[in-house]
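Chemist: any chance you could fold what I've pasted below:
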Amino acid sequence: MSAELLKELQSGAFDTRFPGELELAQRYGVSRGTIRAALKPLRDGGRVEAHPGKKSRVQAGGSTAFGPLYSLLASVRDSGMAHRSVVLEQEVTKNPASAALLSLEADADLFHLRRVRFADEEPIALDEVWMPVSIAGILIDSDFTQTSLYGELEKRCGMVLNGGTERLSAVLAGPEHSTLLQCTAGSPLLLIERTGCHRAQSVEFRRTYVVGDRVEISTNFGCKADPPTA
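Modeler: Below you'll find the predicted structure:
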């Protein structure tokens, strides 16, 4: 049963929403206890998180190539939740501070993408990225409401980021964050600033504000200890 649920999860069968235990039991013609047991390894493995009386939460991180939010789209879908983005800005612009982080001249043209990311119609992150227009300019007409930047970058530019640096810090939501992310002004946000690299060249500067109580981030590293037996 667990394998069947995982197969459907990966196929996108639960992209719209992840059903409750009772609905799954009726769907598969088994007891609720059987469904609960089948969901346990998926919850333990970070594929799904759900607790009685609480909303499902996106499980981000785990085995991503690098960085806990390498693909927020994939994390949302793997959690069995529907994903969409509202694109606020998609343009060619200049940004001296971002250009400096990409080792470019202050007046260099940059591809700029700014989005609010949703999971099950709830805003979870405000995401903003700058890239050299010489690399990402072709993405100016891409539809980013349902697709990931990294997916488009690989498909249309033939580029896969293979390294980078990240800085995580806690910040407070300002008036704009409050409006766009539907959270209380002054509530905690996780700010993730990333410089992504391709073949040792900085090609991406990204700034992501994540709503603290709507996303759980986990990262695996090294070996995992066996759970205690007593």
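
Chemist: can I take it that Leu22 is in a strand?
Modeler: No. Going by DSSP: H, G, I helix; E, B strand; the rest coil, the assignment for Leu22 is helix, not a strand.

Chemist: what's the burial count for it?
Modeler: Using other Cβ atoms under 10 Å, Leu22 has 10 other residues around it. Where C-beta positions appear, they are placed from N, C-alpha and C, glycine not excepted.

Chemist: tell me the pLDDT of it.
Modeler: Leu22 carries a pLDDT value of 81.

Chemist: and the closest residue to it other than its chain neighbours, its phi and psi?
Modeler: Excluding the flanking residues, the one nearest Leu22 by Cβ to Cβ, 6 or more residues apart in numbering is Arg32, at 6.0 Å. Main-chain torsions, Arg32, degrees, to the nearest 10: phi -70, psi -30.

Chemist: return the residues in contact with Arg32.
Modeler: Under the criterion of Cβ atoms under 8 Å, 6 or more residues apart in numbering, the neighbours of Arg32 are Glu21, Leu22, Ala25.

Chemist: and Val116, by the same measure?
Modeler: Ser85, Val86, Leu88, Pro123, Ala125, Leu126, Asp127, Leu180, Leu181.

Chemist: rerun that using 10 Å as the cut-off
Modeler: Contact partners of Val116, counting by Cβ atoms under 10 Å, 6 or more residues apart in numbering, are 84-88, 123-127, 180-182, 209.

Chemist: excluding its backbone neighbours, what's nearest Leu139?
Modeler: Spatial nearest neighbour of Leu139, excluding adjacent residues (Cβ to Cβ, 6+ apart): Glu152 at 5.6 Å.

Chemist: hang on, the one you found packs against Ile135?
Modeler: No. Taking contacts as Cβ atoms under 10 Å, Glu152 lies outside contact range of Ile135: 11.9 Å.

Chemist: now the residue nearest to Leu139: which helix or strand?
Modeler: Using DSSP states H and E, Glu152 falls within helix 149-157.

Chemist: quick one: average pLDDT of that helix?
Modeler: pLDDT averaged over helix 149-157 gives 88.

Chemist: can you list contacts of it?
Modeler: Applying Cβ under 10 Å, 6+ apart, the set of residues contacting helix 149-157 is 65, 70-74, 85, 111, 113, 115, 127, 129, 131, 135-139, 141-144, 147-148, 159-161, 196, 198, 203-204, 206.

Chemist: pull up the pairing partners for the helix or strand just after it, direction included.
Modeler: Downstream of helix 149-157, the next assigned helix or strand under DSSP H and E is strand 163-172. Using DSSP bridges, the strands paired with strand 163-172 are strand 188-198 (antiparallel).

Chemist: what comes up buried for the strand it pairs with?
Modeler: Leu189, Leu190, Ile192, Arg194, Thr195, Gly196, Cys197, His198 (16 or more other Cβ atoms under 10 Å).

Chemist: how distant is it from the center of its chain?
Modeler: With Cα atoms, centre = their mean, to the nearest Å as the basis, strand 188-198 stands 12 Å off its chain's centre.

Chemist: mind telling me what element Gly33 is part of?
Modeler: helix 32-44.

Chemist: burial count for the nearest residue to Asp107 once chain neighbours are set aside?
Modeler: Leaving out its chain neighbours, the residue that sits closest to Asp107 by Cβ to Cβ, 6+ apart is Lys94, at 5.8 Å. By other Cβ under 10 Å, the residues close to Lys94 number 16.

Chemist: just confirm Lys94 contacts Ala108, I think it does.
Modeler: Yes. Counting by Cβ under 10 Å, Lys94 touches Ala108, with 7.0 Å between them.
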